[in-house]
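[1] Pasted the sequence and its predicted model underneath.
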Amino acid sequence: MAFHSDNTLGCSPEILEAVARAAAGSAPSYGFDPVTARLRERVRELFAHDALEIFPVLTGTAGNALAIAAMTPPWGAVFCSGEAHIHRDELGAPEFFSGGAKVIPIDLARLAEAIDEIGSGGRTAIPACLSLTNATESGTVYTPDALRELCAVANARGMRVHLDGARFANAVASCGASPAELSWRAGVDILVFGGTKNGALAAELIVVFDPSLARELALRWHRGGHRLSKMRFLSAQLEAYLADDLWLRNARRANAAALRLAQGLGALMEIVRPVEANVVFARVPPHLRALFAEAGYDWPLFGDDVYRLVTGFSTTDAEIDAFLAAAAR
Ligand SMILES: Cc1ncc(COP(=O)(O)O)c(C=O)c1O
């Protein structure tokens, strides 16, 4: 199971210790606690944005659905890549939370045409939101320029932009841009900043850059059941995640492990996507498929012979070398 998913990994000790510290004594509930207040200030500093608002949630699915719902009316269209988690893996959560918006998977290389096609008809849905993922589901990374270009297409048509950042840390670690450059400065209105895959127990953070969206998000967050009474335990995870650059150190380690794995596998098979974050897609030759299938690495995004391997903050070189040795044998 070593490379099944970054969700199979454990938790950074610094985060567990922060949760234990937050358990002492009592604190105000529902997000009025000092840990959440400190987290807000830290996130404002990290993103160089004094007016952003934060909403900790337990899952990325909830974060995505709440964020999209806050920007999209029931008759709205949400455009995303055909690989997007919101399209393939969330059982219609964005549609449900928005009261019926239509998620439309497209080829993002044709974004302008796709929006204009739907927009000009006026009967399918009204273009309202562009949803992007960085790092992407296929392990590639948008640079600030690439992100800005896509956001500009949406913004020019009066649409909002949601960024699924389940692997945002891996994207920042990969391209070296600042968190601000890879979010609001490129045109992102709401980011869902992932923690769980990269060392948290269970914590994701909705970051709202446009203050005019914060009130609606706050109401949806509460109504959607994500305003935890003991919010300090979620916030403590995220505060420790951002302290001393733990989020970046973990992501750098995960990315480096993916490169090592891809370099080793590349001698035996085709790597089908550039490895820019912590996800590797490999076209596995028939005689090796049993090894990959038994390990549970099937992931039919690019065909039945392409398997997905994911590294994480706690992946060791020994795990990689053992798998490569088994493949070589
Ligand atoms: C790209 C992406 N977005 C969002 C999620 C959120 O997942 P969850 O709701 O399981 O936290 C995941 C998890 O696999 C993901 O890969």
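    Good, I have the coordinates. Residues are numbered from 1 along each chain as shown.
[2] Please count neighbours and contacts with C-alpha atoms only from this point.
    Noted.
[3] And the least confident helix or strand in the chain by mean pLDDT, what's buried?
    Every helix and strand of the chain was ranked by mean pLDDT, DSSP states H and E. The lowest is helix 289-294, at a mean of 92. Residues of helix 289-294 classed as buried: Arg289, Phe292 (neighbour count, 16 or more other CA atoms under 10 Å).
[4] Stretch 17-28 now?
    Neighbour-count burial for stretch 17-28 [16+ other CA under 10 Å]: Ala18, Val19, Ala22, Ala27.
[5] Which residues of the stretch 1-150 of the chain lie near the ligand?
    Residues of the stretch 1-150 of the chain lying near the ligand by CA under 6 Å from any ligand atom: Thr59, Gly60, Thr61, His85, Glu137.
[6] so can I have CSV of the residues you listed showing pLDDT, secondary structure and neighbour count?
    Shown next, in CSV, are these (pLDDT from 0 to 100; DSSP: H, G, I helix; E, B strand; the rest coil; neighbours: other CA atoms under 10 Å):
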residue, pLDDT, secondary structure, neighbour count
Thr59, 98, coil, 18
Gly60, 98, helix, 26
Thr61, 98, helix, 22
His85, 98, helix, 20
Glu137, 97, coil, 19
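[7] Can you report how many residues neighbour Gly82?
    Gly82 sits with 16 neighbouring residues when counted by other CA atoms under 10 Å.
[8] contacting residues around it?
    With contact set as CA atoms under 8 Å, 6 or more residues apart in numbering, Gly82 has these partners: Arg88, Pro105, Ile106, Asp107.
[9] what's the spacing between the second one and Asn278?
    Distance of Pro105 to Asn278, given as CA to CA, to the nearest Å: 24 Å.
[10] Likewise for the last one?
    Spatial separation of Asp107 from Asn278 under the definition CA to CA is 23 Å.
[11] which one of those two has more residues nearby?
    Asn278 (31 against 12).
[12] Does the more buried one touch Ala258 like I think?
    Yes - counting by CA atoms under 8 Å, Ala258 is a contact partner of Asn278 at 5.0 Å.
[13] that older thread, can you spell out which helices and strands pack onto the helix or strand following the least confident helix or strand of the chain?
    Downstream of helix 289-294, the next assigned helix or strand under DSSP states H and E is strand 306-310. Applying 3 or more CA pairs under 8 Å, 6 or more residues apart in numbering; DSSP states H and E, we find strand 306-310 packed against strand 279-283.
[14] is the ligand contacted by the strand it packs on?
    No - counting by CA under 6 Å from any ligand atom, the ligand is not contacted by strand 279-283; separation bottoms out at 10.2 Å.
[15] strands paired with that strand, and their directions?
    strand 270-271 (antiparallel), strand 306-310 (antiparallel) (DSSP bridges).
[16] Now mean neighbour count too, for these, in TSV please.
    Output for the strands paired with strand 279-283, formatted as TSV (neighbours: other CA atoms under 10 Å):
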stretch	mean neighbour count
strand 270-271	17
strand 306-310	23
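[17] To Val192, which of those strands lies closest?
    strand 306-310 (20.2 Å; CA to CA).
[18] Distance from the chain centre to the closest one, please.
    Its chain's average C-alpha position is 18 Å from that of strand 306-310, according to CA atoms, centre = their mean, to the nearest Å.
[19] on that earlier part again, among the buried residues of stretch 17-28, which one sits closest to the ligand?
    Nearest to the ligand among the buried residues of stretch 17-28: Val19, at 19.0 Å, using CA to the nearest ligand atom.
[20] Could you tell me the per-residue confidence at Ser174?
    Note on Ser174: pLDDT of 98.
[21] 34 is where my numbering starts, stick with that
    In the new count, where the first residue is 34, that last one comes out as Ser207.
[22] Who are the contact partners of it?
    Val174, Arg285, Asn288, Glu309, Ala310.
[23] Could you report the separation of the most centrally placed residue in the chain from the ligand?
    Centroid-nearest residue in the chain, with CA atoms, centre = their mean: Ala199, separated by 1.7 Å. Separation of Ala199 from the ligand (CA to the nearest ligand atom, to the nearest Å) stands at 5 Å.
[24] That residue: what's it in contact with?
    Gly93, Thr166, Asn167, Ala168, Val225, Phe226, Gly227, Gly228, Lys230, Glu237.
[25] Now do the phi/psi pair for the last one.
    Pointing back at Glu237 there. phi -130, psi 160 (degrees, to the nearest 10).
[26] Confirm for me that it is in contact with Phe226.
    Yes - checked against CA under 8 Å, the pair Glu237 and Phe226 is within contact range at 5.7 Å.
[27] just the helices in the chain please.
    Taking DSSP state H as the criterion, the chain carries its helices at 46-55, 67-79, 93-104, 118-121, 126-130, 144-154, 177-188, 201-208, 247-256, 264-275, 279-299, 322-327, 350-361.
[28] ok, so what distance separates Phe226 from Val317?
    According to CA to CA, Phe226 and Val317 sit 32 Å apart.
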